[in-house]
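Colleague: this is the structure alone, sequence omitted:
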């Protein structure tokens, strides 16, 4: 039941969104058509023939841009706000009417549109007001508009200018709702007050956009900058029209500038969002590359997120599965519930459980989806680093346990079976001296030879388990000693790697042995093996190559030998790569980092330990 409900719900949501998009586009088409029809036929609007077409296309462009934003991000209200303001702007076409009532209603709609546009600009690139100063500003702007306009309607004979795209000059009808006859001076003062409030509103919006464009948050800057430039054109056109009162050719230029700015703004919004997404994708790519190149720690993750989002106050708290608490990058218990004003949080979950909480500046809340995406990726890389560490530790424990068992077996053979065989030889020699029968003495000699052979075999076996030469003289000499008895020719080249830690030397040595033995089994008759050892700073490079039959690498047929080599090298933090093609032989590349040379005291101590 649960498996079918989710897809059905997703289909329903998709269908509803499709209906919503279609409805918005239809409403935009109708509003655009009505705007063109109403304004082009206007007897009062200056240059109505082409202004009507421009205003209609503006409505269509804004509605289309808002619909596209909502379609891409249905969880955000921004697209609906843009489309809704554009549909409301279509109502300002009533100003094109010569009828006083209709014209006045259109001017009231324009006053509401200005406030709504201010709200959208202050929200961008988010879908709600974040900063307290923005909420205070839009509240003051709306209140001033609401207070002034009843006074204008009651006392002013003529209405304030409606901007370059609504300019009607001396042909504008009078205020249809005037209830008190006053002098022309009173009307001029009220109209000037409306113009002043509108100018302050536009300047305030521009100032807020400038602050966002100068924000340390790179996402916000990239999104806001194109909108700021486009809005600057609109402000300039408004100022020229309000202060200069242009006419003729100058008015046409002002109208073209206002129309150009209005057209560019939705395109600038889309461009800003695309720039922010592009930056977020690039930042995500850099994080993934960095996570692959180096082990990501909680401190590194926090520093990287601070740099990527431009928020030096960002803090990361991770769930501690042992203490059942969220802890900060220093391992101290973190309070993720007490978030102060001006701060926001993002929670990263895995399998329904919270694993990390980000606390950041509320100014980034408008890009919360980007913050969530970067945080989830960073936590995933951090979790991968933890799993890699656990795997490496597990491999190291297994290899260390195996090496310990080798040493134990070697000691047991040396102190147990070898000593008993040696004592048996001594007893047989004494027995032979006491025996007078030559035939019995010959039999004793024969048994003594068998015991000596067994003793020698045990010595070879013990040395093969953990060879003395490896402890005393290092990897190159130990591999050369093994190569002397190898079933195929082996050439060992040492570019002076010196000595390194016993764990790393054991890993390199036994990896070399495994590769040589694999070549002996599979390379074919007449094959030769080359072992090359080199040091590059704090990295040991080992290469074992043969010129035998080869095989198809990467076909998933790795045998136990290759698995053992990978485990040994991985346990010391190294990497192993096998390169081969049928008929071209096999090359095993090994790189082990952090392999410092041992001091003479450590080497001497190792030799003493081995000889005990």
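Modeller: In hand now; what should we look at? Please read these numbers as outputs of a predicted model, since none were measured by experiment.

Colleague: what about residue 485, which SS state?
Modeller: Secondary structure assignment for residue 485 (DSSP: H, G, I helix; E, B strand; the rest coil): coil.

Colleague: hmm, I typed the wrong one, I wanted residue 27.
Modeller: helix.

Colleague: is it true that it touches residue 88?
Modeller: No. Applying CB atoms under 8 Å, one finds residue 27 not in contact with residue 88, separated by 11.3 Å. (Glycine included, C-beta is placed from N, CA and C.)

Colleague: now the helices for the stretch 201-350 of the chain?
Modeller: Using DSSP state H, counting those that start in this stretch, the helices assigned to the stretch 201-350 of the chain run over residues 218-244, 249-293, 298-309.

Colleague: CSV for those helices, including mean neighbour count?
Modeller: Compiled in CSV, those are given as follows (neighbours: other CB atoms under 10 Å):
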stretch, mean neighbour count
helix 218-244, 20
helix 249-293, 17
helix 298-309, 19
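
Colleague: measure how far the helix or strand containing residue 16 is from the centre of its chain, please.
Modeller: Element membership for residue 16 (DSSP states H and E) is helix 2-40. With CA atoms, centre = their mean, to the nearest Å as the basis, helix 2-40 stands 33 Å off its chain's centre.

Colleague: for it, enumerate the helices and strands it packs against.
Modeller: helix 48-72, helix 78-90 (3 or more CB pairs under 8 Å, 6 or more residues apart in numbering; DSSP states H and E).

Colleague: who touches the last one?
Modeller: So the one you mean is helix 78-90. 24, 27-28, 31-32, 34-35, 58-59, 62-63, 65-73, 109, 112-113, 116-117, 119-120, 123-127, 266, 269 (CB atoms under 8 Å, 6 or more residues apart in numbering).

Colleague: following that helix, which helix or strand comes up?
Modeller: Next along from helix 78-90, by DSSP H and E: helix 100-123.

Colleague: and the angle for that following helix with helix 78-90?
Modeller: 160 degrees (axes from the mean of the first three to the mean of the last three CA atoms, to 10 degrees).

Colleague: which parts of helix 100-123 are buried?
Modeller: 100, 102-123 (16 or more other CB atoms under 10 Å).

Colleague: show me the domain layout of this structure.
Modeller: 16-215, 290-389, 471-611 (automatic domain parsing).

Colleague: which one of those lies nearest to residue 253?
Modeller: Judged by CB to CB, the one of those that comes nearest to residue 253 is domain 16-215, at 9.5 Å.

Colleague: tell me the mean pLDDT for stretch 360-377?
Modeller: In this model, stretch 360-377 has an average pLDDT of 64.

Colleague: same thing with stretch 17-27?
Modeller: Stretch 17-27 comes out at a mean pLDDT of 90.

Colleague: and if you look at stretch 240-250?
Modeller: Computed over stretch 240-250, the average pLDDT equals 66.

Colleague: endpoints of it, how far apart?
Modeller: 10 Å (CA to CA, to the nearest Å).

Colleague: quick one, strands of the stretch 301-450 of the chain?
Modeller: 315-320, 325-327, 343-350, 353-361 (DSSP state E, counting those that start in this stretch).

Colleague: and of those, who's closest to residue 297?
Modeller: Among those, strand 315-320 sits nearest to residue 297 (CB to CB), with 10.9 Å.

Colleague: roughly how far does residue 259 sit from residue 58?
Modeller: 7 Å (CB to CB, to the nearest Å).

Colleague: and if you look at residue 137?
Modeller: 26 Å.

Colleague: and what of residue 258?
Modeller: 10 Å.

Colleague: tell me the contacts of residue 168?
Modeller: With CB under 8 Å, 6+ apart, residue 168 has these contacts: 44-46, 95, 162.

Colleague: go with 7 Å
Modeller: 44-46 (CB atoms under 7 Å, 6 or more residues apart in numbering).

Colleague: one more: residue 160?
Modeller: By CB under 7 Å, 6+ apart, the contact list for residue 160 reads 152, 191, 194-195.

Colleague: what about it, which helix or strand?
Modeller: Going by DSSP H and E, residue 160 is not part of any helix or strand.

Colleague: find the nearest non-adjacent residue to residue 477, please.
Modeller: Excluding the flanking residues, the one nearest residue 477 by CB to CB, 6 or more residues apart in numbering is residue 469, at 5.5 Å.

Colleague: about what we covered before: for the contacts of residue 160, pick the one with the most neighbours.
Modeller: residue 152 (23 neighbours; other CB atoms under 10 Å).

Colleague: which ones are touching that one?
Modeller: Residue 152 touches 160, 190-191, 194, counting by CB under 7 Å, 6+ apart.
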